[in-house]
Structure formats: C-alpha cells, structure tokens
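next input, structure requested:
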Amino acid sequence: MKKLNIKNSPLLFFGLLVLLFTVKTYIAYNLEFNLDIKNNTQEFLLAINPLSSAIFFMGVALFFSGTGRNRALITIHFLLSFVLFANIMYYRFFTDFITLPVLMQTKNFGDLGGSVAALFKPYDFLYFLDVIIGIVLILTGTLTLKGTIKKRTVAGVFMAAILIFAGNLHLAEEDRPELLTRSFDRNYLVKYLGMYNYHIYDAIQTAKSSSQRVLADGDDITEVENYTKANFGQRNQELFGQAKGMNVVYLELESFQTFLLDYKLHGEEVTPFLNSLTRDKNTFYFPNFFHQTAQGKTSDSEFILDNSLYGLPQGAVFMTKAQNTYQAFPAILKGNGYETASFHGNYRTFWNRENMYKAFGYVHFFDAEFYELTEDNTINYGLNDKPFFEQSMPLLKSMEEPFFAKFITLTNHHPFILKDEDVTLAPGDFGSKTVNHYFQTARYMDEAIQQFFGYLKESGLYENTMVVLYGDHYGISENHNKAMAKVLGKEITPFESAQLQRVPLFIHIPGVEGKQMDTYGGQIDVRPTILHLLGIETTDYIEFGSDLFSEDHKQIVPFRNGDFVSKDHTFVKGVCYDNTTGQEIKKENCQSSNDYVKTTLALSDKLVYGDLLRFYHPTGFTPVDRASLDYTKRNTIVTPLEKQTQLPE
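Prediction:
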C-alpha cells in the first residue's frame, strides 16, 4: 500500500484529526450535555464551535519538526480529548462544567468512591477512539505529518482558527446579546462558544477574580453595606426572641428534595417522620424553600447558611477563599455565650472544612477521628447516618449549654446505595437506577433523623433545643428528567426543573406554636431568620438574606446562574414563566426581579472576591482568632465527656 505523505497530501493527517475531533465533540454535546438548543443558529454553532479550538491547539504541533511533530499532534489531541471526557464525567455527576477553581478540589475526588465508579458507561472508550486511530496511522506509516511545512501555511492555519472563532462569536452575540458579560451560566458559554473556548474564558475570569482582593480597599465595602442595609428585613416582633437562650441544632439533609415529602412508593410513605414534622404543632415548615448552591454543593450550602452570602459562580468558596475574613453564624453565637461545634462522619480535610470552620469560628469540629468507623457502618463518604447520630450523642452532651451544633448527614448521597440490612423500602421502578434507589436512602435518612429526635428526648436536651432541618442541594440532576417525569407524572420542563430545586426547611421549637409558611425563600435567608428567633439583632451585619418571618422579606430566590423563582414568576434560561400556569409569559414581567437578582449576586461576589469583610467591623462582634482553634482529637477540649464516656480510639 502506498504511503500517503504530507508532500503530496498537504496537512491531510492534521485535517483528519481535526475533523474526527470536531465530530466527536459535537456528538458528545448532544449525547452527554443538556444545552437546551432552541433554533438552527444554536445548532449550527454547536457543530462548528469545536473547530476553531481544534485547529488552534493542534496547530501548535506544526511548529515542531520531524517525528516530534506527530508526537506533539497526538499528545495535544489526547489532552483535548481528556478535557472533553473529564467534563463529561463531571457533568454526569454535577450537571455542570469544570472550572479552574474546581481543579483545586481534586484532593476530594479520592473520597468520592463509588459515586465516580457509577458514572462510567460501557461506551466511554469511544471518546478516545479517534486518538487511537491517529496513533495507528502513525505507527503503520499509513498517514503521517512529515515533510517541510511553510511558515505561511502555519500562519494560514492559525488565521483560519481566528476567523472561524470570530464568525462564531459574531453569530453567538447576534443570538445571545451580552453573552460574555452575563457569565453566570456556563451552559450558555459552552453552547455558543464551545467547551474549549469556554475554558479559556474561565481561565481569564479566574485570573481576574484572583486580582480583586489585591486591588480592593476599604471604600469598596460601602456600596455593599448600603445595598444590604436598604434591603434589610425588619424583625417580626411576635417571633423575635421566641427561642432566646435555647440550644440550636442544624441537621443538614444530604441531597434531600422536597418532592420526597408525602410521596408514596409501593403504597408506603417514603419519609414518614419528616412528613409528620410538616404537621407538627411546634414546627414551622417552609414548602417554598429552595437551595441556592452551585459547584460547591454541600459546602456551598454550609457557606450560604453560615454567612448569608452567596457561593461563587466558579468553584467552591471552601476551596478558594479560606483565607478570607468572615463574620459567620457560629462566631456570632460564640459572642453571645454559645459553645459551637460541627459534626461530620468524614475527615476534617474533606472540602477543606478544617480551615473554613476556623474562619467561621467553630470551636469544635468532631470529624471521623472522633468516631468508630468500621467496614459495617460506613459506605461511600463516611459514617452511615444511624451510627453517626448514635455516636454523636456523648459528644453533644459534653457541650456546655447553650450550644450550636451542626450535623452533616452522608448516607443519602449519589449513587444512593445501602447495605442490604439497612434497606427498609423496595426500590422504585422508574427506568433509572439512581432514581430508583434514591427513595431507599431517603427512607434510611428519615429513620436516622427520627432516632436522633429520640436521642434528644432521652438526653433531656429536647425541650431546650431548637432543631433546624434543611436540604443542602438537589439529589436528582436534570440528567434523570425522563425518570423524574415518571415519578411525578408530568413532563419535566425548564419551569418544572426549577420548581424541583425546592428543598425542605423545618424550624422546630418546642413550646412555640408553629405552622406551614408559604413564604418563598432560600438558604440565604436562614441566618437572619434564626438569629432573630434567638433574639439577636442583625442590623449591624452584612447579609444578603432577610428574615423569612419579616413582612419586608423579598419573595425572590436567586439561583447562582442568574435564574430565579419568586412568588409569582420563574425565570429560567432567559424565559419568564407564570407560576400559576407554568406557561411562558412576556419577559417584561420578570424584569424588575431580574435586575434585583443580577445586583445581589454581583455585590455578593464583589464582597467575597475582594475579601471586603476585613474592612468591616460590626458593633459587638469579636473577630475570630483562628490560631486558638485546634480540631485534632488529642487537643480538643471536651472535659465533661470524660465523666460520661470514653471517646473511641
């Protein structure tokens, strides 16, 4: 067989790999990602946007000579393919694209265990098939990139890449004005500009955000302060101080969505105990409460609730902003005489909690070192919920009252697996293994929480403890909309998908008459709400949420990507919907709320990126002394515990 040579077939090998890579990426776009293509222009852009990136990056190989050129071309081709595949895997889990700050979180990936393994598909090797083809062509000498390539030819290759990108950007701006200035939604950037150009944009934005702290000064906090004070929700006089002096317990319900409440599977209630709390006489239940997390997921939830600030549009605050100054919920409570602690059945390094908790002012952090972990009582992320609560009680009872204690559950987490002996509910039959088993782990969590309430009563702590239960983020992503349509008996439209971001919020206060609160709110609103119930004024603190019981509370819930849900309208991907009908209405109906959402997200970002709280000194607040906090087991002071129980070795 006659060997094809670049001398008689100029750039044939280069062009073949570019073509294969472009086609592969386009197939992946359609197969793996939900990019919401609405018209022919968007479909055309989706098809061509990998082309400029492939030509540009693979074109770098043309600067090499001899056999090094082929090796460089294949290496670049492989790296681009790896970026594509990494995004595919990340999207399957998080329904999002990787950002540079996320790459700082890779030390957590080893803890993901079965969650990652469950993401692989039998056909995944095909995403590297074109790389294998290229290697075979080189090794057999069938097609290679040999010979001299003129400088003007190389220049022409890069000029082609630039022109294709320029045309791409022009069409994108025509179809989606202000594309690059409205950077909250990564789906838009990938859809219009392509995954590889998006990563370049992400790198620029990351560098820009990193410089903001250096350039910030004390004057920058003024705009943020004025805005938050103008939007402050006055306290509800009737409820202010109703829980004054009580202990506070937060129960963070891993991946728990509101649709589970009162849902019956095989004729059984999935969550009978939590269902009973919705009707409990001492519980305030919020059915229109939404999570507001982004790439940080559970850590975002913690950040939002403790600080009444939004997480970041890229990466997780826990991983990138641990050095910042915060005036967080546990530090505020400590200044009001509370002992504070967080309880978690994983190790303190996971999600950089050790450093962030010190920044927030947690006095104690009871991580996996304080528990007896065995093969029987752990799965995936750490200690199962039932033994977690059981083993936590001696630690909780050792704390001086009043105390604030946060418990982070783990078992109800993707891929939602249980040991056979822990299963008390048959799986669903909805065409998705993930969705089918979600109900089983939710039931397990429900049983664990019921047991915890029992422990509180047995310990004598119950009557003087306010328990706040909340979902941290969604459990079922949009990748499972087909199965969710069977669960709910209706099509999961963009409007319905936004409604599914509801997570429960329960505020249980023994001795206080509760009720169902139909107020629309989000995680950003929890801190001022709880502080007011405790009788602690918040007027001097900067927070972007407001008291859910306040008549001034804005019933607008911003999502991190710029979408929102309000009492009357839902805004998703540039479309305004009427909440009553679920139908699209004129965009003007959402405009004022949209302006509010853009402003509040931008100012929160300005505060976090610039570390502006270092310039702000609220009256009566004692700054956190991080150096005084030590979470290691041997140094954590829990003196009363020694009188009650021996800590597990």
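
can you find the helix or strand of the protein with the lowest average pLDDT?
helix 641-644 (a mean of 40; mean pLDDT, DSSP states H and E).

got a list of what residue 50 touches?
21, 22, 25, 26, 194, 195, 196 (C-beta atoms under 8 Å, 6 or more residues apart in numbering). C-beta here means a position set from N, CA and C on the backbone, and glycine is covered the same way.

from those, which land in helices?
21, 22, 25, 26, 195, 196 (DSSP state H).

identify the farthest-apart pair in the contacts of residue 50.
Pairwise distances among the contacts of residue 50 were taken by C-beta to C-beta; the largest, 12.7 Å, belongs to 26 and 196.

name the spans of the chain whose pLDDT lies under the cut-off.
1-10, 94, 101-116, 145-147, 178, 181-185, 209, 633-649 (pLDDT under 70).

can you give me the helices for the stretch 151-300 of the chain?
151-175, 186-193, 195-215, 220-230, 272-278, 298-307 (DSSP state H, counting those that start in this stretch).

can I get those helices in CSV including distance to residue 435 and mean neighbour count?
Below are the helices of the stretch 151-300 of the chain laid out as CSV (distance: least, C-beta to C-beta, whole Å; neighbours: other C-beta atoms under 10 Å):
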stretch, distance to residue 435, mean neighbour count
helix 151-175, 34, 15
helix 186-193, 22, 23
helix 195-215, 27, 16
helix 220-230, 40, 15
helix 272-278, 19, 18
helix 298-307, 20, 26
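
of all those helices, which one is nearest residue 534?
Per C-beta to C-beta, nearest to residue 534 of the helices of the stretch 151-300 of the chain: helix 298-307, 14.5 Å.

distance from the chain centre to the closest one, please.
Relative to the chain's own centre, helix 298-307 is displaced by 10 Å; criterion: C-alpha atoms, centre = their mean, to the nearest Å.

am I right that residue 571 sits in a strand?
Yes. Counting by DSSP: H, G, I helix; E, B strand; the rest coil, residue 571 is part of a strand.

distance check, it against residue 494.
Distance, residue 571 to residue 494, by C-beta to C-beta, to the nearest Å: 10 Å.

tell me the secondary structure at residue 90.
Classified using three-state DSSP, residue 90 is helix.

my read: it touches residue 96, true?
Yes. Counting by C-beta atoms under 8 Å, residue 90 touches residue 96, with 6.9 Å between them.

so how many other residues sit close to residue 583?
9 (other C-beta atoms under 10 Å).

and it, how close does it get to residue 20?
For residue 583, the distance to residue 20 - C-beta to C-beta - is 43 Å.

repeat that for residue 55.
Residue 55 is 13 Å from residue 20, by C-beta to C-beta.

and the two? Which one has more around it.
Neighbour comparison, residue 55 and residue 20: the larger count goes to residue 55, with 23 against 18 (by other C-beta under 10 Å).

quick one on the thing from earlier: of the contacts of residue 50, just say which sits nearest to residue 630.
residue 195 (43.5 Å).

any idea how far the closest one is from residue 599?
The value you get for residue 195 to residue 599, if C-beta to C-beta is used, is 30 Å.

domain ranges for the chain?
12-212, 220-619 (automatic domain parsing).

just say which of these is most tucked in.
domain 220-619 (a mean of 20; mean count of other C-beta atoms under 10 Å).

end-to-end on that domain?
19 Å (C-alpha to C-alpha, to the nearest Å).

now stretch 572-592
End-to-end distance for stretch 572-592: 15 Å, by C-alpha to C-alpha.

could you number the chain from 54 rather than 1 from now on?
That works, and once the first residue is 54, the last one we named lands at stretch 625-645.

touching it from outside, list them.
Stretch 625-645 is contacted by residues 89, 238, 240, 546-551, 616, 618-624 when judged by C-beta under 8 Å, 6+ apart.

show me those that map onto strands.
Secondary structure from DSSP state E places 618, 619, 622, 623, 624 of these in strands.

partner residues bridging the last one?
In this structure, residue 624 has the following beta-bridge partners (DSSP bridges): residue 617, residue 629.

would you mind measuring from it to residue 206?
For residue 624 relative to residue 206 (C-beta to C-beta), the value is 49 Å.

which residue, other than its chain neighbours, is closest to residue 450?
residue 512 (5.6 Å; C-beta to C-beta, 6 or more residues apart in numbering).
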